[in-house]
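*Asks:* mind looking at a prediction? Sequence and model below.
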Amino acid sequence: MGIDTTKSFADINEGTQVTAQIAEATYDEEGRFGPAVELSLDVLRPAARAGDTVMSTFGLSQPRLSKVRDLRADGLDDEAIAKVLEKKGFTFQSIDDPETPRLGGALLRIGKACYNEDAHAVKKLLAECDTFHDLADALIGRRFVFTTRVDKNGYTRVDGKGEFYRVMDDDLRRKREEIAVAKEAHNARVDDGHIEDDFDNIPF
């Protein structure tokens, strides 16, 4: 079975772009800050870090309960919190009433990247998932690209505020690299005084 951990085994500089595969995905409906999905990511690129593991947790959207936690942390009592919530248009019997979690934020963007930014595929995925446990299971084995951050304890994490990208297959990556090299060669020839046709109109 092995031993579980919440720490990252990777030691990757902050701001590094990483390609990873989701090795494990676990839904925790009673996370420290509310319902969340924890991802264990196997690093594929950069090659020097291949095989490292990055772990990050992504909360689900519960706007009222999140607001309650933030306001309590600021020192407001329940009566004052209720007034703030009412002004913001929330309806509730008690400020701590259960609130159905929703998919949003970084986890939704990761899901889109894992499914190649294909809106139809993402819609189909969500329609087939009855629970967040199902969604977590569906993400296992999927790949995406993210940027790293380093948390206050020095662990490598996913920068949830950064961009997420789909993983290009090798043929598409190679083609884009060839186009970039060809454009660079074309620009060099033009800089040397050669007159050529408009490079952007050359079909690939």
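*Replies:* Cool, the structure landed.
*Asks:* so which residues make contact with the helix or strand that contains residue 23?
*Replies:* Here residue 23 is covered by strand 17-28, with elements defined by DSSP states H and E. Strand 17-28 is contacted from outside by 12, 35-46, 49, 53-54, 57, 114, 131-133, 135-137, 139-148, 167, using Cβ atoms under 8 Å, 6 or more residues apart in numbering. All C-beta spots, glycine's among them, are computed from the backbone N, C-alpha and C.
*Asks:* now it: buried residues?
*Replies:* Residues of strand 17-28 classed as buried: 18, 19, 20, 21, 22, 25, 26, 27, 28 (neighbour count, 16 or more other Cβ atoms under 10 Å).
*Asks:* contacting residues around residue 61?
*Replies:* Under the criterion of Cβ under 8 Å, 6+ apart, the neighbours of residue 61 are 101, 102, 103, 104, 105.
*Asks:* roughly how far apart are it and residue 107?
*Replies:* Note on residue 61: its distance to residue 107, by Cβ to Cβ, to the nearest Å, is 9 Å.
*Asks:* using PDB, write out every CA atom in stretch 92-99.
*Replies:* Once side chains and other backbone atoms are set aside, the C-alpha atoms of stretch 92-99 remain, and they are given as PDB (Å, rounded to 0.1, in the frame of the first residue of the first chain):
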ATOM      1  CA  PHE A  92     -29.600  31.400   4.200                       C
ATOM      2  CA  GLN A  93     -31.300  30.200   7.500                       C
ATOM      3  CA  SER A  94     -27.900  30.000   9.300                       C
ATOM      4  CA  ILE A  95     -24.600  31.400   8.100                       C
ATOM      5  CA  ASP A  96     -23.100  27.900   8.500                       C
ATOM      6  CA  ASP A  97     -25.800  26.100   6.500                       C
ATOM      7  CA  PRO A  98     -24.400  23.400   4.200                       C
ATOM      8  CA  GLU A  99     -23.600  24.700   0.700                       C
END
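*Asks:* list the buried residues for it?
*Replies:* In terms of neighbour count (16+ other Cβ under 10 Å), stretch 92-99 has its buried residues at 95, 99.
*Asks:* related to what we said a few turns ago, quick one: which of the contacts of strand 17-28 sit in strands?
*Replies:* 36-45, 53-54, 57, 143-148 (DSSP state E).
*Asks:* fine by me, thanks again.
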